[in-house]
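Visitor: give me the fold of what follows.
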Amino acid sequence: MALDMDIDELLVIGDFDLLIHQVQGEWATKSEKLLPYVNLAHRLCKKLKKIEFRHMPIAQNEFADALATIASMIQYPESSHIDPLRICLKEQHAHCCHVEAEPDGKPWYNDIKMYLEGHEYLEGITNGQKKTIRKMANNFFLNKEVLYKRMLDLGLLRCVDVGEATKLLEEVHAATCGPHVNGFVVARKILLAGYY
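Guide: Below is the predicted model of the structure:
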């Protein structure tokens, strides 16, 4: 892909130490299955003016993991042209940008909770919106004042408002709930803790 984009200098960062050393020729490639790939990599390297391979441990490779996640979610067009990706570093954690208060000051689940409490709707909503609320309410369970979302595995996730969500995310990212780990594990910890 780099050659198709007329790139002549390339920095390759990988978290698989063995593969990096094999491509650099520092270590022998013993696997018969990998030899064609290593040979192809050597041929492609000769077409570049400069190429550098650098090993980065998985623990320090969060940026590459994030890029790989983004790449897996994008469907590339048939053409070989790919628009450049602009990356902006923020001064605060990403979770702070996603927790926003509702304009009316009520929690995001207020409509569902109202319906489950007394089959009531907010004033002025359409029949289509009422139907949507009824459908959504099937996936929720109200226990006194606490609303839970039903999961496919029959588990329940407690619904929280913006204040509580902010507090929970800050605790998780501050490692109050244990050591800080990658995003997938953090999300799983939050879900397993019973929060939605």
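Visitor: quick check: next helix or strand after the lowest-mean-pLDDT helix or strand in the chain?
Guide: The least trusted helix or strand in the chain, going by mean pLDDT, DSSP states H and E, turns out to be helix 94-98, with a mean of 54. Sequence-wise, the next helix or strand downstream of helix 94-98 (DSSP states H and E) is helix 110-118.
Visitor: which residues of the chain score low on pLDDT?
Guide: 75-83, 85, 89-103, 172-196 (pLDDT under 70).
Visitor: hmm, 80 instead?
Guide: 58-105, 108, 152-155, 162, 165-166, 168-196 (pLDDT under 80).
Visitor: okay, helices next: where are they in this structure?
Guide: Secondary structure of the chain, counting by DSSP state H: helices at 17-23, 35-46, 62-73, 94-98, 110-118, 127-137, 162-173, 183-192.
Visitor: what count of nearby residues applies to residue 32?
Guide: Taking other C-beta atoms under 10 Å as the criterion, the count of residues near residue 32 is 7. (C-beta placed from N, C-alpha, C; glycine too.)
Visitor: and for residue 117?
Guide: That count, for residue 117 with other C-beta under 10 Å as the rule, works out to 11.
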